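>>> Let's see this in three dimensions:
(chains A and B)
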Amino acid sequence: GENVEQHPSTLSVQEGDSAVIKCTYSDSASNYFPWYKQELGKGPQLIIDIRSNVGEKKDQRIAVTLNKTAKHFSLHITETQPEDSAVYFCAASLADRGSTLGRLYFGRGTQLTVWP
Amino acid sequence: GAGVSQSPSNKVTEKGKDVELRCDPISGHTALYWYRQSLGQGLEFLIYFQGNSAPDKSGLPSDRFSAERTGGSVSTLTIQRTQQEDSAVYLCASSLRQGPSYEQYFGPGTRLTVT
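Here you go, the predicted model:
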């Protein structure tokens, strides 16, 4: 099955700096890559996603890039703010594999801390 | 509108006891997913429902784990003869339809502690 690796496990940045989280995946058939933000005591919330027919996607201060050849994708947060502090998870989906349709394979998460 | 709700929010049980965890998906969502989140780990897929049927049970870690969904809505995850390694946060998610075109909305989770 799919294996998703995520780095770093912890990341501390100063407010206003950029933060980058990187993930790799193993199955070249994966074609959907969402990123989730999980605040303390809450369930994960989708913040941005990208499909394999696109190389980059932006939404305000957040961007995701995808390199299908290298099988890695990254989350970029610019102008970080203290409220960006949370655990971020990347995931991959094998969207064309019959009964596994929609199943997400998650990385282990990155604890992002933004210092004021 | 109301999001995904889960109950209880916290559950402490003794080793060997059975537990039931409940998930109320967003109204109208046909797909429902259970995940497990252990300390320092990512989310581990357990089982997925489309309507009342479970086409993918491959993530259930042992035959002590089972789940059902009735009326295409509420789902219950049952763990029999709990073990300490079952301690984790159990998350439920629902989506309008199956497939990656439909966002999975997560509930707040049930934190299970087996003593």
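>>> any idea how far the residue in chain B positioned nearest to chain A lies from residue A:36?
Nearest residue of chain B to chain A, counting by C-beta to the nearest C-beta: residue B:106, 3.2 Å away. C-betas here are computed from N, CA, C, even on glycine. Plainly put, residue B:106 is 8 Å away from residue A:36 if you go by C-beta to C-beta, to the nearest Å.
>>> Need the overlap of contacts for these two.
Residues touching both residue B:106 and residue A:36 (C-beta atoms under 8 Å, 6 or more residues apart in numbering or on different chains): A:44, A:45.
>>> Just give the number of residues close to residue 82.
The chain I'm using is chain A. 10 (other C-beta atoms under 10 Å in any protein chain shown).
>>> hmm, I had chain B in mind actually
So residue B:82, with other C-beta under 10 Å, has 21 neighbours.
>>> How about the contacts made by it?
Neighbours of residue B:82 in contact, by C-beta under 8 Å, 6+ apart: B:13, B:14, B:15, B:16, B:17, B:18, B:19, B:64, B:112, B:114.
>>> Repeat that for residue B:50.
Counted by C-beta under 8 Å, 6+ apart, residue B:50 has contacts B:30, B:31, B:98.
>>> How about residue B:9?
Here residue B:9 is in contact with B:108, B:109, B:110, B:111 (C-beta under 8 Å, 6+ apart).
>>> Starting from the helix or strand that residue A:35 is a member of, tell me the next helix or strand along the chain.
Element membership of residue A:35 [criterion: DSSP states H and E] is strand A:32-38. On the C-terminal side of strand A:32-38, the closest following helix or strand by DSSP H and E is strand A:45-51.
>>> Wait, residue B:57 touches residue B:47, no?
Yes: here residue B:57 reaches residue B:47: they are 5.1 Å apart, a contact under C-beta atoms under 8 Å.
>>> show me where the chain has strands.
The chain I'm using is chain A. Under the criterion DSSP state E, chain A carries strands at the ranges A:4-7, A:10-14, A:19-25, A:32-38, A:45-51, A:56-59, A:62-67, A:72-77, A:86-93, A:104-106, A:110-115.
>>> right idea, wrong chain: chain B
B:5-7, B:10-13, B:19-24, B:31-37, B:43-50, B:53-56, B:65-69, B:75-79, B:88-95, B:105-106, B:110-114.
>>> that older thread, so which of the contacts of residue B:50 reach chain A?
Among the contacts of residue B:50, the residues within reach of chain A (C-beta under 8 Å from any C-beta of the partner chain) are B:31, B:98.
>>> Now for residue B:57 and residue B:47: what residues contact both?
residue B:67.
>>> okay, those two: which has more neighbours?
Legend: neighbour count by other C-beta under 10 Å for residue B:57 and residue B:47, higher for residue B:47 (23 against 14).
>>> Which strand residues bridge that one?
Legend: beta-bridge partners of residue B:47 under DSSP bridges are residue B:34.
>>> what's near enough to touch it?
Shown in contact with residue B:47 (C-beta under 8 Å, 6+ apart): B:33, B:34, B:54, B:56, B:57, B:59, B:60, B:67, B:77.
>>> Run through the residues that contact the closest residue to residue B:74 other than its chain neighbours.
Among residues not flanking residue B:74 along the chain, residue B:24 sits closest, at 5.6 Å (C-beta to C-beta, 6 or more residues apart in numbering or on different chains). The neighbours of residue B:24, taking C-beta under 8 Å, 6+ apart as the test, are B:4, B:5, B:6, B:7, B:73, B:74, B:107.
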